[in-house]
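Q: Requesting a structural model of the entry that follows:
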Amino acid sequence: MARIIESGNGNRRIIKMTTDDIVTIVSEYQRLVPRGTDYENTRNYLENAVLYIPEDI
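A: Okay, the predicted model is just below:
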């Protein structure tokens with residue numbers, strides 16, 4: 001499960017992900033984007049996609 005790490009400066013946070021988190025993201029990417037899609041079309045497919053990563057609390 002992902003863990004959010006506060007940066008201390010209030011601007012950005014770091015998300016530490018497990019191997020399972022990465023595999024989940026790659027699986028979702030493969031499900032959403034047809035194989036052999038170029039960069040621009042890949043961005044279009046992913047622009048409207050919503051991906052969630054569970055967070056450790």
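
Q: Contacts for the helix or strand in which residue 30 is found next, please.
A: Residue 30 belongs to helix 19-32 when elements are defined using DSSP states H and E. For helix 19-32, contacts defined as CB atoms under 8 Å, 6 or more residues apart in numbering pick out 1-2, 17, 45-46, 49, 51, 53-54. For the C-beta atoms, the positions are set from N, CA and C on the backbone; glycine is no exception.

Q: Among those, the buried ones, what's the PyMOL command?
A: In PyMOL, a selection of the buried entries from those looks like this (16 or more other CB atoms under 10 Å):
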select buried, resi 2+53
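
Q: Can you name the two of the contacts of helix 19-32 that sit furthest apart?
A: 1 and 45 (26.0 Å; CB to CB).

Q: follow-up on the earlier one: tell me the angle the helix or strand following the helix holding residue 30 makes with helix 19-32.
A: Downstream of helix 19-32, the next assigned helix or strand under DSSP H and E is helix 39-47. Counting by axes from the mean of the first three to the mean of the last three CA atoms, to 10 degrees, helix 39-47 points 110 degrees away from the direction of helix 19-32.
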